[in-house]
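Participant: give me the fold of what follows.
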Amino acid sequence: MTPELKAKWLAALRSGNYKQGESFLRWNDTYCCLGVLCDVARKHWEPVELSADTVYAPDGNGGDQGSLREGMLEELGLSEEAQSACINMNDGIATPKECARWGIKPEPSTFPEIADWLEQNL
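Facilitator: Below you'll find the model as predicted:
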């Protein structure tokens, strides 16, 4: 990941301009931390209808709404391991073993907490 993209992502996570959601990169007006990354990287959001709500997938991610596919990870400069840590922090789904490995807590982390972790570990 370029230092410029990382700085934009961390600033966006700390800005308070994004409403945090879980399970999806973007669902209506909420984002997971990886969705914020896609947004600051200026990815075009493609709507994917899901019941009465609208879920979005970033252009180039093959319609995947919950995680970034390998090609998108490469383009953004993020490893699979970092993506897994981000998903676990955002959604609070880490196992005790994952918490120990990444130094994260088992419950959901706030965007500023995720930004702090990324600053130290990415």
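
Participant: from Trp27, how far out is the residue positioned nearest the centre of the chain?
Facilitator: What sits nearest the mean C-alpha location of the chain, by C-alpha atoms, centre = their mean, is Leu34, with 1.5 Å. Distance, Leu34 to Trp27, by C-beta to C-beta, to the nearest Å: 13 Å. Heads up, the C-betas are built off the backbone N, CA and C, glycines and all.

Participant: over to Pro96?
Facilitator: When distance is defined by C-beta to C-beta, Pro96 is 28 Å away from Trp27.

Participant: so for the two, which sits in the more crowded spot?
Facilitator: Taking neighbours as other C-beta atoms under 10 Å, Pro96 and Trp27 compare with Trp27 leading, 20 against 8.

Participant: what pLDDT does the more buried one get?
Facilitator: Trp27 carries a pLDDT value of 87.

Participant: and it, its phi and psi?
Facilitator: Trp27 adopts backbone torsions of phi -130, psi 120, taken as degrees, to the nearest 10.
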